[in-house]
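Colleague: Mind looking at a prediction? Sequence and model below.
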Amino acid sequence: MSATLPSDTRVLVLAPIGKDFQLVESVFRRHGIAAMACSTLSQLCRELDAGAGAALLVEEALAADDSLARWVAAQPPWSDLPILLLTRPGADPSDLARTTQPYGNVTILERPMRVAALVSAVRSALRARSRQYQTRQHLAQRAEAEAKLRADDRRKDEFLAILAHELRNPLAPISNGLQLLRLDRNADAQTARLGEMMERQVANLKRLVDELLEVSRVTRGVVDLRCEQVELSALIRAATEASQPLLNARGHRLELDLPAEPVYLHADPVRLGQVVANVLNNAAKYTEPGGHIRLSASRKGGHAEIEVADNGIGIPPEDQQRIFDLFVRAGSSHERAQGGLGIGLTLAKQLVNLHNGSIEVHSEGHGRGSRFTVRLPALPGAVRPAAPSGEGEQDDLADLSVLVADDNADAAGSLGLLLRELGATVTVVDGGLSALAALDTACMDAAIIDLGMPDLDGLEVARRIRGQAHLKGMALIALTGWGQAKDMEATSEAGFDRHLIKPPDLATLVRHLRQVRQRREQGVLS
């Protein structure tokens, strides 16, 4: 938007008698002021819509009608039209106050008046109006910034949704394969341990992929916790696995000092794992190669305490108050700057705060190492972990017939193998049309359908299934990498009973399938 349009600088003069305007216009023209005559208030208001710097009229004109008052009341927030009102000599100030109150920005000029005074008053009004136009321009520009930011934010969300989908797809067959290894009763102890480690890391990666869609929430500190009963030593051991590659690469020696007795917390294990890993990574990056890092944990009264101490470069006293601020890094060497953006400790502090805990740092200064201490509320010592629900029942999907439809051969095949291992009868197909063809020849208890199949997407498959009377009782489960709210609304509208995100949690999937069998046995249709 341009700064000032020509029509925005003119003075509108209410001059019912033309010769009055001719006199005023000649005075204004000599002083470089553009003016336009209006014969009625209604005409003046129409011209105001086209733009004006000020309005000049006599007191008596206000009694004609209230159109100018209505125009003033409807001004946009940035506008405060200057009105110059020529009054009769000796007019009552209280009467003028009542008369001019609906008109807002009114300057009273008593007649007769000197030409110089009139010109000065008009110029002052035009300068004030010019500042209003600057405000208008600023507001318009800000609206265009805001619009661009909203557009950029939408594009960011779309990109993150696509990225999350693409990452979830390869995670699904990996997760399915690890579940199959878990069910292998002939696996040796080492294979079982490796499988458990890989399962934990796949779960962590899946959680991080989920967080791609919550970036803005994380940066604002608005994070949903999935709390459960957690044993402190087990959590720390799992968290150190994530930091071990960095520790090994820098040749550090990690010493663990964990409590002899179990210490239990009500916490989100993945989030607290991030806290421990972030603090460990920070110690590894700011300790010279071959350093010593000690991670200890203990129970102190009603709190669990985790301490990470290193013999690294240390933190100057003036930096210790801001080390948890976003994008702050200790030191400035190029080598250490490659270690991250300086958000690890910020996130650690946010996550600890969400757990009603605290984190603090202490260092004696440059070259004297650092010590980070995390304190968290602990559960009573007598608490013991509850047994996982459904333990020992995962192989009970006998007598269930399931259709798996997914164009990703690895995902479909591994899920089919897993469900067969659990006792189900499974048909695996590679597309939407194949799924409909399979259902033409056999009725099944449930169908697990991917959404993004190229020949016929999962939403249309579900709609066609729901349109066939003989398939009315079949349960439909969407299994997809798309996990936004709009995706879940779309699957619900298409007729799906459940929306699961890849890779699926096995216990959740099995629970849904057991419910399908239970409804079938009770004669209840989906």
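Modeller: Nice, thanks for sending it over.

Colleague: C-terminal to the lengthiest helix in the chain, what's the next element?
Modeller: Among the segments of the chain that qualify as a helix by DSSP state H, the longest is helix 115-183. Later in the chain than helix 115-183, the nearest helix or strand by DSSP states H and E is helix 189-211.

Colleague: which residues sit against that following helix?
Modeller: Contact with helix 189-211 is made by 164, 167-168, 171, 174-175, 178-179, 181-182, 184, 187, 218, 238, 241-242, 270, 273, 483, 501, 503, as judged by CB atoms under 8 Å, 6 or more residues apart in numbering. (Each C-beta comes from the backbone N, C-alpha and C, glycine too.)

Colleague: Could you pull out the buried residues of that helix?
Modeller: 195, 199, 200, 202, 203, 204, 205, 206, 207, 209, 211 (16 or more other CB atoms under 10 Å).

Colleague: wait, residue 290 sits on residue 252?
Modeller: Yes. With contact defined as CB atoms under 8 Å, residue 290 and residue 252 form a contacting pair (7.1 Å).

Colleague: Between these two, which has more neighbouring residues?
Modeller: Taking other CB atoms under 10 Å, residue 290 and residue 252 do not tie; residue 252 has more neighbours (24 against 10).

Colleague: just checking, residue 398 touches residue 420?
Modeller: No. Counting by CB under 8 Å, residue 398 sits too far from residue 420 to count as a contact (10.9 Å).

Colleague: what's the overlap in contacts for these two?
Modeller: Shared contacts of residue 398 and residue 420 (CB under 8 Å, 6+ apart): none.

Colleague: ok, these two, which is more surrounded?
Modeller: Using other CB under 10 Å as the criterion, residue 398 and residue 420 rank with residue 420 on top: 15 against 10.

Colleague: Is the more buried one within a helix or a strand, and which one?
Modeller: helix 409-421.

Colleague: Could you name the helices and strands sitting against that helix?
Modeller: helix 115-183, strand 401-405, strand 425-429 (3 or more CB pairs under 8 Å, 6 or more residues apart in numbering; DSSP states H and E).

Colleague: give me that answer again for 10 Å
Modeller: helix 115-183, strand 401-405, strand 425-429, strand 446-449, strand 475-480, helix 506-521 (3 or more CB pairs under 10 Å, 6 or more residues apart in numbering; DSSP states H and E).

Colleague: circling back: now the angle from the longest helix of the chain to helix 409-421?
Modeller: 50 degrees (axes from the mean of the first three to the mean of the last three CA atoms, to 10 degrees).

Colleague: Tell me what angle helix 115-183 forms with strand 475-480.
Modeller: 110 degrees.

Colleague: Give me the mean pLDDT for helix 115-183.
Modeller: Taken as a whole, helix 115-183 carries a mean pLDDT of 86.

Colleague: quick one: it to chain centroid distance?
Modeller: 13 Å (CA atoms, centre = their mean, to the nearest Å).

Colleague: Equivalent analysis for stretch 418-430, please.
Modeller: Its chain's average C-alpha position is 37 Å from that of stretch 418-430, according to CA atoms, centre = their mean.

Colleague: for the record, mean pLDDT for it?
Modeller: The model assigns stretch 418-430 a mean pLDDT of 93.

Colleague: go on, stretch 264-275?
Modeller: 91.

Colleague: roughly how far out does that stretch sit from the chain middle?
Modeller: That offset, for stretch 264-275, works out to 22 Å (CA atoms, centre = their mean).

Colleague: Same check on stretch 350-367?
Modeller: 26 Å.

Colleague: With stretch 438-453 instead?
Modeller: 35 Å.

Colleague: Ramachandran coordinates for residue 366?
Modeller: With angles defined as degrees, to the nearest 10, residue 366 sits at phi -60, psi 130.

Colleague: before we move on, back to that, the inter-axis angle of the longest helix of the chain versus helix 506-521?
Modeller: Using the same axes, to 10 degrees: helix 115-183 against helix 506-521 is 80 degrees.

Colleague: ok but residue 230 is inside a helix, no?
Modeller: No. Going by DSSP: H, G, I helix; E, B strand; the rest coil, the assignment for residue 230 is strand, not a helix.

Colleague: Distance of it relative to residue 290?
Modeller: Per CB to CB, to the nearest Å, residue 230 is found 33 Å from residue 290.

Colleague: again with residue 350
Modeller: 32 Å.

Colleague: Equivalent analysis for residue 500, please.
Modeller: 47 Å.
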